[in-house]
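Chemist: No sequence on hand, only this structure:
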Ligand code: 6PG
């Protein structure tokens, strides 16, 4: 706790769990932290419970909060994305002076951040949209932080954000991502990769549970083992925890008590929509969003079950359990690689579209710690982009091509097994089709071009000479060169 006269190096507006934990993280790392919440009870609760952890300067009005910040003022907004954020931005922009910095640490839609950055800049202040990943634990003990906004703001903000970010091998998991909405864009794609990662982990669980007939506790042990190898990652680690957890009330495996309808706050959906808009085939990410939506379409699912949709011939697993487990591990590694590869493709396309010049090496570096998709193989992803920053696709890096040599056959076997078992595997299967489409000599797009020309005279290119062509389908079917 600090006397009211001392000025704070950083301020946090919005003291729900994420905001409070972030404020505590700043305070624990030697910063004097100004704190404000619209309802003062949350401010009192923070000081009451954690005031001794460092120097806090609580305020009950935005004006007092701003006055308690040293110049250039730096205030992080940790309130609900959308209108609530706009309201706080307006209040801060009103109360602050030129050159002060407003940071939005929520999961804002990057196009909102682009708009806000322009509006706030017109009022003489700086606006930084910063993705903050790692959940409540990360906010307290070290998140990965993805700030966008003016480079000039980063000069001021960098050191204080580095003081609270996760740190891997002495490197803080924070860096300036690029101008205006770049930070929130990259956080959005981070979440899209997270969705795909979580979905394909779920599909692996489903196969071991209902294909191999294993119990959650046994599968938890398998995930614990996988977490010591190529799949070493936060999501694999917590999956083992969730699967090992018994329901405190009934003693049954918790995963069997949880309703199988997945929620989504929207970031994965935004990633899929943006991928479609940019024309980037982020198949695994999109399938994971659809899978969440389908899981929550309970009325349709009940009708399908009651209606007894024909299952066809279900073929029980006829392979050795240990071999199947290893096949699933390798297929999971392959599908995760595709998810990250597609995510990096979307970031590259977004960076080109919006002129941000985002460096994939930066992301591979800061995602190694603190964030939800942190994984050992991010070191390899960083090495891949170090070797060639212009990789046409991450999976075309020599190391990953080598890995895929060892993964492709088990991956195919797992997709066949899922199909024969009648178990849904949208990310396993769509990622394999994406992979086979990428490497195919010829795609059915040739036939699609013919169909489009037939009904819409949309023309087509030829493989043997330049130009654009059309067939007179309704006439003598002669070939016409249109340019
Ligand atoms: C993170 C998480 C977090 C996520 C929420 C809600 O990086 O810390 O991605 O930002 O958005 O946990 O996630 P859902 O979109 O699944 O609701």
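Modeler: Structure received. Every value quoted in this text rests on a predicted model; they were computed, and no experiment measured them.
Chemist: in a strand, that's where residue 145 is, yeah?
Modeler: Yes. Checked against DSSP: H, G, I helix; E, B strand; the rest coil, residue 145 lies within a strand.
Chemist: In contact with the closest residue to it other than its chain neighbours, which residues?
Modeler: Nearest non-adjacent residue to residue 145, counting by CB to CB, 6 or more residues apart in numbering: residue 174, 3.9 Å away. In short, each C-beta sits where N, CA and C put it, glycine included. With contact taken as CB atoms under 8 Å, 6 or more residues apart in numbering, residue 174 is in contact with 144-147, 158, 161-162, 165, 366.
Chemist: wait, does the helix or strand hosting residue 190 make contact with the ligand?
Modeler: Here residue 190 sits within helix 182-206, counting by DSSP states H and E. Yes. Using CB under 6 Å from any ligand atom, helix 182-206 reaches the ligand at 191, 194.
Chemist: for stretch 276-288, same thing?
Modeler: No. For stretch 276-288, no contact with the ligand is found by CB under 6 Å from any ligand atom; the gap never falls below 10.0 Å.
Chemist: Can you give me the end-to-end span of that stretch?
Modeler: Between the opening and closing residues of stretch 276-288 lies a distance of 14 Å (CA to CA, to the nearest Å).
Chemist: Now do that stretch, average pLDDT.
Modeler: The pLDDT scores in stretch 276-288 average 98.
Chemist: quick revisit: kindly indicate which of the contacts of residue 174 lies nearest the ligand.
Modeler: Nearest to the ligand, judged by CB to the nearest ligand atom, of the contacts of residue 174 is residue 144 at 7.9 Å.
Chemist: Look up how far residue 429 lies from residue 381.
Modeler: Between residue 381 and residue 429 the computed distance is 24 Å (CB to CB, to the nearest Å).
Chemist: sorry, back to before: from the middle of its chain, how far away would the helix holding residue 190 be?
Modeler: 5 Å (CA atoms, centre = their mean, to the nearest Å).
Chemist: Which among the contacts of residue 174 count as buried?
Modeler: Among the contacts of residue 174, those buried by neighbour count (16 or more other CB atoms under 10 Å) are 144-147, 161-162, 165, 366.
Chemist: Determine which two of those residues are furthest apart.
Modeler: Within these, 146 and 162 form the most distant pair, 13.2 Å apart (CB to CB).
Chemist: So in the protein, which helix runs the longest?
Modeler: In the chain, assigned by DSSP state H, the helix with the most residues is helix 321-354.
Chemist: What's the first helix or strand after that helix?
Modeler: Proceeding N to C from helix 321-354, the next assigned helix or strand is helix 360-366, under DSSP H and E.
Chemist: which parts of whichever helix or strand comes after that following helix are buried?
Modeler: Per DSSP H and E, the first helix or strand lying C-terminal to helix 360-366 is helix 377-387. Buried residues in helix 377-387, counted by 16+ other CB under 10 Å: 377-378, 380-382, 384-385.
Chemist: Let me have those residues in a markdown table, extended by distance to residue 247 and pLDDT.
Modeler: Listed next are these as a markdown table, based on distance: CB to CB, whole Å; pLDDT from 0 to 100:
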| residue | distance to residue 247 | pLDDT |
| --- | --- | --- |
| 377 | 33 | 93 |
| 378 | 34 | 96 |
| 380 | 38 | 96 |
| 381 | 37 | 97 |
| 382 | 40 | 96 |
| 384 | 42 | 97 |
| 385 | 44 | 96 |
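Chemist: Going along the chain, name the strands of the chain.
Modeler: Secondary structure of the chain, counting by DSSP state E: strands at 10-13, 32-36, 55-59, 74-77, 101-104, 126-133, 144-147, 167-168, 171-172, 460-461, 468-471, 479-481.
Chemist: Now distance to the ligand and mean pLDDT too, for the ones you listed, in CSV please.
Modeler: Supplementary listing: the strands of the chain in CSV, determined by distance: least, CB to the nearest ligand atom, whole Å; pLDDT from 0 to 100:
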stretch, distance to the ligand, mean pLDDT
strand 10-13, 17, 98
strand 32-36, 21, 98
strand 55-59, 24, 97
strand 74-77, 15, 98
strand 101-104, 13, 98
strand 126-133, 3, 98
strand 144-147, 8, 98
strand 167-168, 16, 97
strand 171-172, 17, 98
strand 460-461, 41, 98
strand 468-471, 44, 98
strand 479-481, 50, 98
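Chemist: Quick one: those as a markdown table, columns for distance to residue 222 too.
Modeler: Below are the strands of the chain laid out as a markdown table (distance: least, CB to CB, whole Å):
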| stretch | distance to residue 222 |
| --- | --- |
| strand 10-13 | 41 |
| strand 32-36 | 43 |
| strand 55-59 | 45 |
| strand 74-77 | 40 |
| strand 101-104 | 40 |
| strand 126-133 | 27 |
| strand 144-147 | 27 |
| strand 167-168 | 26 |
| strand 171-172 | 32 |
| strand 460-461 | 49 |
| strand 468-471 | 55 |
| strand 479-481 | 59 |
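Chemist: which stretch among those strands comes nearest residue 187?
Modeler: Residue 187 lies closest, by CB to CB, to one member of these: strand 126-133, at 2.2 Å.
Chemist: so who does the closest residue to the ligand within the stretch 151-300 of the chain touch?
Modeler: Nearest to the ligand in the stretch 151-300 of the chain, going by CB to the nearest ligand atom, is residue 265, at a distance of 3.5 Å. Each residue near residue 265 by CB under 8 Å, 6+ apart is listed here: residue 107.
Chemist: thinking again about what came up before, and the helix holding residue 190, what does it pack onto?
Modeler: With contacts taken as 3 or more CB pairs under 8 Å, 6 or more residues apart in numbering; DSSP states H and E, helix 182-206 sits against helix 110-122, strand 126-133, strand 144-147, helix 234-244, helix 267-278, helix 283-295, helix 321-354, helix 426-439.
Chemist: Could you find the closest non-adjacent residue to the residue in the stretch 351-483 of the chain that the ligand sits nearest to?
Modeler: Nearest residue of the stretch 351-483 of the chain to the ligand: residue 372, at 4.3 Å (CB to the nearest ligand atom). Residue nearest to residue 372 in three dimensions, not counting chain neighbours: residue 194, with 5.0 Å by CB to CB, 6+ apart.
Chemist: Please verify my assumption that residue 264 contacts residue 289.
Modeler: Yes. Under the criterion of CB atoms under 8 Å, residue 264 makes contact with residue 289 at 7.0 Å.
Chemist: Can you check which residues contact both of those two?
Modeler: The contact lists of residue 264 and residue 289 share residue 195, where a contact means CB under 8 Å, 6+ apart.
Chemist: quick one: which of those two has more around it?
Modeler: Using other CB atoms under 10 Å as the criterion, residue 264 and residue 289 rank with residue 289 on top: 24 against 15.
Chemist: what's near enough to touch that one?
Modeler: 195, 264, 268-269, 271-272.
Chemist: Centroid-nearest residue for the protein?
Modeler: Closest to where the C-alpha atoms of the chain average out (CA atoms, centre = their mean) is residue 191, at 1.6 Å.
Chemist: and the helix holding residue 190 with helix 110-122, angle?
Modeler: Angle, helix 182-206 to helix 110-122, by axes from the mean of the first three to the mean of the last three CA atoms, to 10 degrees: 160 degrees.
Chemist: Taking helix 234-244 as reference, get the angle to helix 182-206.
Modeler: Going by the same axes, to 10 degrees, helix 182-206 makes 40 degrees with helix 234-244.
Chemist: Identify the residues contacting the nearest residue to residue 253 once chain neighbours are set aside.
Modeler: In this structure, residue 253 finds its nearest non-sequential neighbour in residue 216, 4.0 Å apart by CB to CB, 6+ apart. Listed by CB under 8 Å, 6+ apart, the contact set of residue 216 reads 209, 243-244, 253, 255-256.
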